[in-house]
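Asks: Kindly return the folded structure for what I paste below:
(chains A and B)
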There are 2 protein chains.
Amino acid sequence: MGAYKKMTDDQLREELKSLREEYDKLCKSGLDLDMSRGKPGLDQIEISMGIFDVFTSKSDVVSENGFDCRNYGLLDGPPEAKRMMASIMNTTEDHVIVYGNSSLNVMYDQVSEFYSHGVNGMTPWCKLDKVKWLCPVPGYDRHFAITEHFGIEMINIPMNEDGPDMDAIEQFVERDPSIKGVWCVPMYSNPEGASYSDEVVRRFANLKPAAKDFRIFWDNAYAVHHLYDEPEKQDKILDILEECEKAGNPDMAIEFASTSKITFPGSGIAALASSINNVNHIRDSLKIQTIGHDKINMLRHVKLFKDHEGIKEHMSRHAALLRDKFNAVLDVFDEELAPCEIATWTKPRGGYFISLHVENSCAKKIVKMCKEAGMVLTGAGATFPYHIDPYDSNIRIAPSYPTPEELKKASHVLAVCTKIATIEKEGIKV
Amino acid sequence: MGAYKKMTDDQLREELKSLREEYDKLCKSGLDLDMSRGKPGLDQIEISMGIFDVFTSKSDVVSENGFDCRNYGLLDGPPEAKRMMASIMNTTEDHVIVYGNSSLNVMYDQVSEFYSHGVNGMTPWCKLDKVKWLCPVPGYDRHFAITEHFGIEMINIPMNEDGPDMDAIEQFVERDPSIKGVWCVPMYSNPEGASYSDEVVRRFANLKPAAKDFRIFWDNAYAVHHLYDEPEKQDKILDILEECEKAGNPDMAIEFASTSKITFPGSGIAALASSINNVNHIRDSLKIQTIGHDKINMLRHVKLFKDHEGIKEHMSRHAALLRDKFNAVLDVFDEELAPCEIATWTKPRGGYFISLHVENSCAKKIVKMCKEAGMVLTGAGATFPYHIDPYDSNIRIAPSYPTPEELKKASHVLAVCTKIATIEKEGIKV
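Replies: As a prediction, the model looks like this:
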């Protein structure tokens, strides 16, 4: 067996026949596998159980500035929580507001606020004929769902290995005043696992937008989510807020992060960071929206980690579990898919995803076949705005939830389906 | 001393002189009192400390339908949490979505969603020339802040002892299609402490709005917040959702509640209840906004209370503490203000506020004088839209946070200032 493109039709037909037999066997074996969402595994969840025991005395619920966090108040969050979230985003606490459990919700609220009230007093986007948004692709489906929900026209921007195609970004942003934003996952991006190079970050910070109310939505979801402990195997990115300030664009970026994939998904804390000016504007709206977020849960997280070193140690335990899962998938791909030369995939150093690129017009068919064999993948196209992958070639793989054993099985199913779809695309039938 | 209106100018001058002396003494005595916000006292906060110890085994974080609540999922919340919040709102769990820590935030999100996307697919309010809202007054300042934030024109509706003036509500709602909503606090209203009579609730349910997208925002903030344990001393209201359904208006009301004044303010859980149809629409937007709310915190609350009986017992402990605080204020008013016949005030059977009605054009002056004497009250006018009390006569008193001793002092200050302002309003000077 070898590269498919070097095989004759007869050889391919023979290969397809044995693949179809294997596929039928898989379909009958009662598989029930799920690689669809970036959901931490139960083994990862166990790491954070200590959070239930962090309060040992009543003084533990008093913040360092003497505020009893069991009561109303402190709209920004207690200072130690702001500092902790700042350390994750590599910024300082004066730039930070700590929120509830969901950074996605914070992003949604920002888009919603800009839609209804405009950016810092400028024209509300709902009063404009057209609002457009740049979407590096493949990207995060839930980002695209937000902008779609607000009727914002989304434009695909290709992702390179070091971040989005900045030539394209600059051309759109600097020429078209209806472009109001861009979705970025700058570290271990979803799903490509790419981290933005210093040059990319600086080019973002130095944009000269045609729209004064253009904003970079910098979703730093995987800021401390390395797969390896060795510093030289960890990606690093520049601080976008600092670079924007240096470039004379202090208000251009809004950064988001959460502990959803650090402690418990859905029961963590989220935060926003931006320029002091932006944070003041955001606080003005926020105080209409709520009296404050859950400060007890913020203190829980501070007590659990103590300091940034504590977060690093904690993340190292996640990494140990995740490495085995990523490797389970990558090993099968290397063994079963690599020789055929019909697909490429990312080998990320962090984050939650492996991005599989198959031949054009094959992704949907592969995902459908996998489903019929009892294995759920993220819907093909989900990583693109409007669920339209123009080449129908990208499949997002989320290896965190299943066990390594399950992942091996699942990856085998995926490899078999990928091979079948690739051969059948050539018109070969058994 | 007696009723001021029966006193001669000379007698009033003499009274004013001694009041001014007392006021000067109070100003110099270094008071630092706060009756401004409905913030539970530290003694109340202590009641809920058991919530930190509710998880004793790993199975405690699994919901009754077998879902591990430490991970993503269950957008509506676990069934036992839905049932618990339904019991507070006197409805059933199929009507309920459980949210994060703030019901105010849930109301804000609903107004925001209707503004940007419209009600159940109808025209977004941001696309209309004019949107108006009915505001029973005096009412909750944070409600009015939300509608003001969205540029919604607010119309004052007088409050009676059994709820808003329904003649006025019917006239506006049934004639003017630009009226899209009404703020209601149906139990122990903020700040009047009034509960809506059965007739008022039924007249709400039977409204025939000119606007199909008219919605009743039913903020049931004090649903279980009685001051007395005896059932005959507790207010009761009809279930608005059931009445709306009976009246053929199933989608007209959206109800809100939270545990903010049951467990920890800011670290509780909130919920929304409405018709199945509305809940389905709301869920459709909600799934764009977030992956889910903090289910661990929901389970914490369920474990703490076990059932509705547990909530009642817990609230009875709050009531015991709050009764003393309410009585501390009412006793001083009865003793110092009643004989003068210059003010009226509510004697609520639940909720968080006493509403003081002073003579016209006196409230602002009284609040200012109190502040100068070291005592903070809710700003005069805060209980009205745009902070404009047309008669300048309402003062909201929040007796929950200070101790009974502090409340006696504070009420004395308030009584002295009220007397001074009333006499000086007549042109009497010392």
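
Asks: what does the stretch 251-400 of chain A put close to chain B?
Replies: With Cβ under 8 Å from any Cβ of the partner chain as the criterion, the stretch 251-400 of chain A meets chain B at residues A:260, A:264-267, A:285, A:288-297. Just so you know, the C-beta spots here come from the backbone N, C-alpha and C atoms, and that holds for glycine as well.

Asks: nearest to residue A:57, of those?
Replies: Residue A:57 has its nearest neighbour among these in residue A:296, at 14.3 Å by Cβ to Cβ.

Asks: quick one: the strands in the stretch 251-400 of chain A?
Replies: Under the criterion DSSP state E, counting those that start in this stretch, the stretch 251-400 of chain A contains strands at A:253-258, A:270-273, A:343-345, A:354-358, A:375-377, A:394-397.

Asks: Throw the ones you listed into CSV and include mean neighbour count, thanks.
Replies: Formatted as CSV, the strands of the stretch 251-400 of chain A follow (neighbours: other Cβ atoms under 10 Å in any protein chain shown):
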stretch, mean neighbour count
strand A:253-258, 26
strand A:270-273, 26
strand A:343-345, 18
strand A:354-358, 23
strand A:375-377, 22
strand A:394-397, 26
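
Asks: Next, format those strands as CSV and append mean pLDDT.
Replies: Compiled in CSV, the strands of the stretch 251-400 of chain A are given as follows (pLDDT from 0 to 100):
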stretch, mean pLDDT
strand A:253-258, 98
strand A:270-273, 98
strand A:343-345, 98
strand A:354-358, 98
strand A:375-377, 95
strand A:394-397, 97
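
Asks: Between the ones you listed, which one is closest to residue A:192.
Replies: Proximity to residue A:192 (Cβ to Cβ) singles out strand A:354-358 among those, at 4.9 Å.

Asks: just checking, what packs against that closest one?
Replies: For strand A:354-358, the packing partners by 3 or more Cβ pairs under 8 Å, 6 or more residues apart in numbering or on different chains; DSSP states H and E come out as helix A:308-332, strand A:343-345, strand A:394-397, helix A:404-425.

Asks: per-residue confidence averaged over stretch A:361-368?
Replies: For stretch A:361-368, the per-residue pLDDT values average out at 98.

Asks: likewise stretch A:106-114?
Replies: 98.

Asks: Same check on stretch A:166-180?
Replies: Stretch A:166-180 comes out at a mean pLDDT of 98.

Asks: Same check on stretch A:61-75?
Replies: For stretch A:61-75, mean pLDDT rounds to 96.

Asks: My read is that residue A:152 contacts residue A:178, right?
Replies: No - counting by Cβ atoms under 8 Å, residue A:152 stays clear of residue A:178, with 9.7 Å between them.

Asks: okay, these two: which has more neighbours?
Replies: Taking other Cβ atoms under 10 Å in any protein chain shown, residue A:152 and residue A:178 do not tie; residue A:152 has more neighbours (23 against 17).

Asks: Quick check: phi and psi at the more buried one.
Replies: phi -90, psi 130 (degrees, to the nearest 10).

Asks: and it, what does it touch?
Replies: Residue A:152 is in contact with A:111, A:125, A:131, A:132, A:133, A:180, A:181, counting by Cβ atoms under 8 Å, 6 or more residues apart in numbering or on different chains.

Asks: ok, now residue A:15?
Replies: For residue A:15, the contact set (Cβ under 8 Å, 6+ apart) comprises A:1, A:4, A:7, A:419, A:423.

Asks: show me the residues around the residue nearest to the spatial centre of chain A that make contact.
Replies: Compute the mean C-alpha point of chain A, and by Cα atoms, centre = their mean the closest residue is residue A:190, 3.7 Å away. With contacts defined as Cβ under 8 Å, 6+ apart, the neighbours of residue A:190 are A:38, A:139, A:140, A:221, A:222, A:351, A:352, A:353, A:396.

Asks: Could you find the lowest-pLDDT member of those residues?
Replies: Confidence by pLDDT is poorest for residue A:38 among the contacts of residue A:190, given 90.

Asks: ok, how many other residues are close to the spatially closest residue to residue A:122 that is not a sequence neighbour?
Replies: Leaving aside its chain neighbours, residue A:122 sits nearest to residue A:213 (4.5 Å; criterion: Cβ to Cβ, 6 or more residues apart in numbering or on different chains). As a burial measure, residue A:213 scores 21 neighbours (other Cβ under 10 Å).

Asks: helix or strand for residue A:213, which one?
Replies: Here residue A:213 is covered by no helix or strand, with elements defined by DSSP states H and E.

Asks: what stretches of the stretch 201-350 of chain A score poorly on pLDDT?
Replies: By pLDDT under 70, the stretch 201-350 of chain A has no low-scoring segment.

Asks: the helices in it, which residues?
Replies: In the stretch 201-350 of chain A, the helices defined using DSSP state H, counting those that start in this stretch lie at A:240-246, A:276-289, A:295-305, A:308-332.

Asks: any idea which of those helices is most buried?
Replies: helix A:295-305 (a mean of 24; mean count of other Cβ atoms under 10 Å in any protein chain shown).

Asks: sorry, back to before: any chance of the helices of the stretch 201-350 of chain A in a markdown table, plus distance to residue A:32?
Replies: Shown next, in a markdown table, are the helices of the stretch 201-350 of chain A (distance: least, Cβ to Cβ, whole Å):
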| stretch | distance to residue A:32 |
| --- | --- |
| helix A:240-246 | 41 |
| helix A:276-289 | 41 |
| helix A:295-305 | 34 |
| helix A:308-332 | 17 |
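
Asks: rewinding a little: let's have the strands of the stretch 251-400 of chain A in CSV, adding distance to residue A:89.
Replies: Shown next, in CSV, are the strands of the stretch 251-400 of chain A (distance: least, Cβ to Cβ, whole Å):
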stretch, distance to residue A:89
strand A:253-258, 5
strand A:270-273, 5
strand A:343-345, 29
strand A:354-358, 24
strand A:375-377, 31
strand A:394-397, 25
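
Asks: Which of those strands sits closest to residue B:209?
Replies: Residue B:209 lies closest, by Cβ to Cβ, to one member of the strands of the stretch 251-400 of chain A: strand A:270-273, at 37.7 Å.

Asks: Just list the residues touching residue A:131, thanks.
Replies: A:115, A:125, A:150, A:151, A:152, A:153, A:178, A:180.

Asks: before we move on, the earlier item: ok, of the contacts of residue A:190, which one's closest to residue A:307?
Replies: residue A:222 (20.4 Å).

Asks: Hmm, the closest one is touching residue A:194, no?
Replies: No - between residue A:222 and residue A:194 there is no contact under Cβ under 8 Å: 10.9 Å.

Asks: what do these two both touch?
Replies: Common contacts of residue A:222 and residue A:194, defined by Cβ under 8 Å, 6+ apart, comprise residue A:188.

Asks: And residue A:82, which helix or strand is it part of?
Replies: Following DSSP H and E, one finds residue A:82 within helix A:79-89.

Asks: which strands and helices sit next to the very next helix or strand once past that helix?
Replies: Using DSSP H and E, the helix or strand that follows helix A:79-89 in sequence is strand A:96-98. Strand A:96-98 is packed against helix A:79-89, strand A:270-273, helix A:276-289, with contacts defined by 3+ Cβ pairs under 8 Å, 6+ apart.

Asks: got CSV for these, with distance to residue B:305 too?
Replies: Formatted as CSV, those follow (distance: least, Cβ to Cβ, whole Å):
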stretch, distance to residue B:305
helix A:79-89, 27
strand A:270-273, 27
helix A:276-289, 28
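
Asks: ok, back up a step: what's the helix holding residue A:82 in contact with?
Replies: A:63-65, A:76-77, A:92-93, A:95-98, A:220, A:223-224, A:239, A:255, A:257, A:259, A:269, A:271, A:273, A:295, A:298-299, A:301-302, A:305, A:307-308, A:311.

Asks: Buried among the contacts of residue A:131? Need that as a selection in ChimeraX.
Replies: Here is the ChimeraX selection string for the buried members of these, based on 16 or more other Cβ atoms under 10 Å in any protein chain shown:
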select /A:115,125,150,152,178,180
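
Asks: from the contacts of residue A:131, which is closest to chain B?
Replies: residue A:115 (5.5 Å; Cβ to the nearest Cβ).

Asks: is it true that that closest one touches residue A:124?
Replies: Yes - between residue A:115 and residue A:124 there is a contact under Cβ under 8 Å: 6.6 Å.
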